[in-house]
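Engineer: Sequence and predicted structure are below.
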Amino acid sequence: MLTLTHAITDIISTDSFLQYGLQYHLLNLTKVAKHMQKHVEVRTKKSVSSSAILMALSRYQRRLKIFAPRPEQFRVHDLTLRTHVATVSMTKTQKCMQRVHDFHTEIQKNKGYITITESTGEITLLFDEKHLAAAQKLFGESITYANAHVAALALHFPEQYAAAPGFLCTVLQQLMLQGINVVEVASTFTEFVLYVDEANAKLAFETLYSLFRVKGK
């Protein structure tokens, strides 16, 4: 059985639109409280008045104002857009790893673009679209997913943002609010790369540029 505060926090934490609405004071809290009432009662396993939920929501909203990051708090050094990117994913095996190494070496010889992301059981490659045919020939039936219509948005940000809670989530949130699906992400210490469908590339770039306007521009 959860307390009222914990129940409300759990419900809000799984709803990004509700979080955003509360953070920017876009919602009628009385109506939100009534809407949440049954859900809260299920979690707390007791009857809870909408007025009690309203008070808890008000406290939660005040905390968001103090602690939740906002886009205007952040400014990036540079924002670049690369189109004509392709991606393939495959199951991670020793044979596959060797072929990834060979593919990476070949692209580097031609000063091409490539990003490699690796999990415990899968590998994803993102590279210039012109190399897709070569990748399909090299990896063959190992490929479990391929997409030839991807764009890469790279944000180069100040070092101190690496330790700023919520920065990367704030970036992703802005694309989510525009209904833009993020196909893949990659990051280094001061760079965050988001891969989106090419059809959404212009909107994604304009959204991030507007909200995280490049320093000095």
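Structural biologist: Looks like it came in fine.
Engineer: Could you list the domains of this structure?
Structural biologist: Using automatic domain parsing, the domain parsing of the chain gives 4-66, 78-211.
Engineer: Those: lowest mean pLDDT?
Structural biologist: The stretch with the lowest mean pLDDT among those is domain 4-66, at a mean of 88.
Engineer: still on that earlier bit, put together a markdown table for the domains of the chain, with mean neighbour count on each row.
Structural biologist: C-beta here means a position set from N, CA and C on the backbone, and glycine is covered the same way. Shown next, in a markdown table, are the domains of the chain (neighbours: other C-beta atoms under 10 Å):
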| stretch | mean neighbour count |
| --- | --- |
| domain 4-66 | 15 |
| domain 78-211 | 16 |
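Engineer: Can you tell me the centre-most residue of the protein?
Structural biologist: residue 172 (3.6 Å; C-alpha atoms, centre = their mean).
Engineer: Please name every helix or strand in contact with the host helix or strand of that residue.
Structural biologist: According to DSSP states H and E, residue 172 maps onto helix 167-177. Applying 3 or more C-beta pairs under 8 Å, 6 or more residues apart in numbering; DSSP states H and E, one finds that helix 167-177 contacts helix 16-23, strand 182-187, strand 191-197, helix 201-211.
Engineer: Export the ones you listed to TSV and append columns for distance to residue 83.
Structural biologist: Below are these laid out as TSV (distance: least, C-beta to C-beta, whole Å):
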stretch	distance to residue 83
helix 16-23	27
strand 182-187	13
strand 191-197	10
helix 201-211	6
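Engineer: Determine which residue of the protein is most distant from the centre point.
Structural biologist: Of all residues in the chain (C-alpha atoms, centre = their mean), residue 47 lies farthest out, 36.9 Å.
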